[in-house]
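Enquirer: My questions are about this predicted structure, shown below with the sequence.
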Amino acid sequence: MNDRSHTGEEDLSCRVQELEQRVAELTEALDASNRELQTFSYSVSHDLRAPLTIIDGFARALMEDCAEQLDAQGQEYLKRIRIASQRMGNLINGLLNLSRIAREPLCPDTANLSEIVRTIEMELRYLHPERSVLFTIEDGVTAQGDRRLLRTVMDNLLRNAWKFTVARDPAHISFGSCVQEGKTAYFVKDDGAGFDMAFADRLFIPFQRMHQGSEFEGVGIGLATAHRIIQRHGGRIWAEAAPDAGATFYFTLTG
């Protein structure tokens, strides 16, 4: 009996050592991945952003100083160069933001999501005073999480709703909370362009878009960023929609 017990203890000790070794290996692999991600971010920031800044600067200088020497086609080409370089700049910023979010430590706190939504609403109205958008915001909705990152989630979801309701006059956007499968879920709902649920699995993949770039601006990084933040909070994010019938984005913050 003692021999059997001793053998069991040795076996358990070996398994513990194996697990500890595996944890150490995974930790080292994670640290290496984070270092690679940091190197990538630095490379993107310096090696790609600098040439874009130069391209945009020269194009702007040509438009300002040499416009009279260019025909309509030449001016149109310069305009397209500036638009393309600025779009690429936005894409780079989105990539850098996504990589930063993946490695920054969380700072848990109580976030008043209702107040955050109202602040973002005011910002959107200031930027687009010509739009007629009716907001419905549930009072007193709070959540536990990193306040700054949760603001990023709400900013991305609300700007998404704002963008895809541009054809509505007036448009309707609402924010609130509900219970989904026994858990508190938060939602942003709009009556905009919507999308086909057959393609819902592409929603949160970087650079995947449900609509043509000529229809709606953007680089396809906002929802991927929101998805990454929600994942880091142990929650999930999903959507329900139909073409030309709006969309509702839900998220939870606990697994």
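Expert: In hand now; what should we look at?

Enquirer: How is this structure divided into domains?
Expert: As given by automatic domain parsing, the domain ranges for the chain are 10-103, 108-251.

Enquirer: can you list the ones you listed in TSV and add mean neighbour count?
Expert: All C-beta atoms are positioned from the backbone trio N, CA, C, and that covers glycine. Output for the domains of the chain, formatted as TSV (neighbours: other C-beta atoms under 10 Å):
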stretch	mean neighbour count
domain 10-103	13
domain 108-251	17
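
Enquirer: Could you tell me the least trusted of these?
Expert: Among these, domain 10-103 carries the lowest mean pLDDT, at a mean of 74.

Enquirer: Now for the residue lying closest to residue 222 once chain neighbours are set aside: which residues touch it?
Expert: Distances taken as C-beta to C-beta, 6 or more residues apart in numbering place residue 156 nearest to residue 222, at 4.0 Å, with adjacent residues excluded. Residues in contact with residue 156 (C-beta atoms under 8 Å, 6 or more residues apart in numbering) are 222-223, 225-226.

Enquirer: Please tell me how far residue 129 sits from residue 121.
Expert: Residue 129 is 13 Å from residue 121, where distance means C-beta to C-beta, to the nearest Å.

Enquirer: Which parts of the stretch 51-200 of the chain are helices?
Expert: Along the stretch 51-200 of the chain, counting by DSSP state H, counting those that start in this stretch, helices occupy 72-103, 113-127, 147-164.

Enquirer: Now tabulate those helices in a markdown table and tack on distance to residue 188.
Expert: What follows is those, written out as a markdown table (distance: least, C-beta to C-beta, whole Å):
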| stretch | distance to residue 188 |
| --- | --- |
| helix 72-103 | 19 |
| helix 113-127 | 8 |
| helix 147-164 | 4 |
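
Enquirer: Who are the contact partners of the spatially most central residue of the chain?
Expert: Compute the mean C-alpha point of the chain, and by C-alpha atoms, centre = their mean the closest residue is residue 225, 2.2 Å away. For residue 225, the contact set (C-beta under 8 Å, 6+ apart) comprises 94, 97-98, 101, 152, 156.

Enquirer: Same check on residue 48?
Expert: By C-beta under 8 Å, 6+ apart, the contact set of residue 48 is 88, 92.

Enquirer: do the same with residue 250
Expert: Residue 250 is in contact with 178, 180, 185-187, 237-240, counting by C-beta under 8 Å, 6+ apart.

Enquirer: Keep only those of those that are in strands.
Expert: In this view, the contacts of residue 250 that belong to strands under DSSP state E are 178, 180, 185-187, 237-240.

Enquirer: Of these, which is the nearest to residue 49?
Expert: Nearest to residue 49 out of these is residue 237 (C-beta to C-beta; 29.2 Å).

Enquirer: correct me, but the closest one touches residue 227?
Expert: Yes: between residue 237 and residue 227 there is a contact at 5.5 Å, judged by C-beta atoms under 8 Å.

Enquirer: what is in contact with the two at once?
Expert: Common contact partners of residue 237 and residue 227 (C-beta under 8 Å, 6+ apart): residue 204.

Enquirer: Run through the residues that contact residue 73.
Expert: Residue 73 neighbours (C-beta under 8 Å, 6+ apart): none.

Enquirer: What distance do you get for the residue nearest to the centre of the chain to residue 65?
Expert: Taken as C-beta to C-beta, the span from residue 225 to residue 65 is 38 Å.
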